[in-house]
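Undergrad: One predicted model, sequence on top.
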Amino acid sequence: MTRPDLSIVIPFLNEERVLPLLRERLENLANRPPNWELVFVSDGSTDGSLDLVETWARSDPSVKLVVLARNFGHQNAVSAGLAYASGNCVGIMDADLQDEPEVLLQMYELLLREKVDIVYAVRSSRQETKIKQFFYFLFYRLYCFLADSPVQADSGDFCVMSRRALELLLSLPEKLRFVRGLRAWLGLPAKPYSISRPARAAGNPQYSVRKLIKLAFSGLTSFSTRPLRLGLVCGSLLCLGALIAALVYVGLALFTNTHVAAPGFSTLVIILLFSNGLIFFYLGILGEYIGQTFMEVKARPAYIVQRTVNLESLEDDHEQR
């Protein structure tokens, strides 16, 4: 079977309001590849969005649909779509039109022209609230500082990859997937592509603050062991401070007539709260790593596919991966 020139993976969750707009944009794209496929992945949608995509797929064989058994999370939905994508090049974009299909085609053309394996979008600006912008800024700077492999700040899942990059990405054994981190870890030739990310075309964001925090912790703990060293550094500094203070008090007692009064109950409480807080903070970091290890050791699949549309001929190949 001839591979499509480009596969575009589009995960969605309850995007009934925005999917008609997305369909219009995709069907009216200029200079799109003559042979392409759109791989939609329903991540447990409960509104009418699944029916919209399924109706579209029934009338257009280039539109594929993967229906997951329940909500497995955005990163796992992306991974499911990548597993079913059959194109020579593969793009990833969100369904809310914050990732614009016109920009994806520009990245696709850049990938072919520059003969690189990955072209990824870097967000120079965002149409988000000031608070969200601040936390995005904080996360990416912290992530870049802690990551053991090189990463690009303000880069998301929005990208285009070669078939080689896709196959290598799919070969990685992690069940807890942080796609943009795994993509950077590959170390293949890549080009950034600066974009200004627009606001959602319609509807409400499906990524809650809780989900964003969970994704942030997953990214930070999946690609760095530096947070584990924080306990050693802080513990060493506290012990050093305690030793210096003890030596000072012993020196004052032995070599001077100065009598140091007790600093008071409030000072003792502050020190205890600080040291105990530091201990629990480090235990929380340690718990994140233990939790990641626990989930990986169980080796459950990252997602379960309930059914597919226009992908029946690919199911056997998918099961063999």
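TA: Done, it's in.
Undergrad: What segments of the protein are strands?
TA: Assigned by DSSP state E, the chain shows strands spanning 6-12, 36-42, 63-68, 89-92, 118-126, 155-162, 190-197, 305-309.
Undergrad: Now do the fifth one and strand 190-197, the angle between them.
TA: With axes from the mean of the first three to the mean of the last three CA atoms, to 10 degrees as the criterion, the two stretches strand 118-126 and strand 190-197 enclose an angle of 30 degrees.
Undergrad: and the strands of the chain, which one's lowest on average pLDDT?
TA: Ranked on mean pLDDT, the bottom entry among the strands of the chain is strand 118-126, at a mean of 86.
Undergrad: Packing partners of that strand?
TA: Applying 3 or more CB pairs under 8 Å, 6 or more residues apart in numbering; DSSP states H and E, we find strand 118-126 packed against helix 101-114, helix 130-146, strand 155-162, helix 179-185, strand 190-197. Backbone N, C-alpha and C define where each C-beta goes, glycine included.
Undergrad: That one: which residues count as buried?
TA: Applying a neighbour-count criterion of 16 or more other CB atoms under 10 Å, one finds 118-121, 123, 126 buried in strand 118-126.
Undergrad: how many other residues sit next to residue 188?
TA: Burial of residue 188 is recorded as 16 neighbouring residues (other CB atoms under 10 Å).
Undergrad: next one: residue 237
TA: Neighbour count for residue 237, taken as other CB under 10 Å: 11.
Undergrad: gap between it and residue 274?
TA: 12 Å (CB to CB, to the nearest Å).
Undergrad: Domains in this protein, by residue range?
TA: Domain ranges of the chain: 6-224+301-319, 226-298, per automatic domain parsing.
Undergrad: among those domains, where is the model least confident on average?
TA: Ranked by mean pLDDT, the domains of the chain end with domain 226-298 in last place, scoring a mean of 72.
Undergrad: From the chain's centroid, how far away is that one?
TA: Computed by CA atoms, centre = their mean, to the nearest Å, the chain-centroid distance of domain 226-298 equals 33 Å.
Undergrad: one step back: buried deepest among the domains of the chain, which one?
TA: Of all the domains of the chain, domain 6-224+301-319 has the most neighbours on average by mean count of other CB atoms under 10 Å, namely a mean of 18.
Undergrad: Now do it: distance to the chain's middle.
TA: Centroid separation between domain 6-224+301-319 and its chain, computed with CA atoms, centre = their mean, is 10 Å.
Undergrad: Spatially nearest residue to residue 73 (excluding sequence neighbours)?
TA: Nearest residue to residue 73, sequence neighbours excluded (CB to CB, 6 or more residues apart in numbering): residue 43, at 7.2 Å.
Undergrad: Residue 159 now?
TA: Nearest to residue 159 is residue 120, by CB to CB, 6+ apart, at 3.9 Å.
Undergrad: Kindly state the beta-bridge partners for the one you found.
TA: residue 159, residue 192 (DSSP bridges).
Undergrad: returning to that earlier point: now the helices and strands packed on strand 118-126 in JSON lines, please, with extra columns for distance to residue 62.
TA: As requested, the helices and strands packed on strand 118-126 are exported to JSON lines (distance: least, CB to CB, whole Å):
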{"stretch": "helix 101-114", "distance to residue 62": "14"}
{"stretch": "helix 130-146", "distance to residue 62": "34"}
{"stretch": "strand 155-162", "distance to residue 62": "17"}
{"stretch": "helix 179-185", "distance to residue 62": "24"}
{"stretch": "strand 190-197", "distance to residue 62": "25"}
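Undergrad: Alright, I will stop here.
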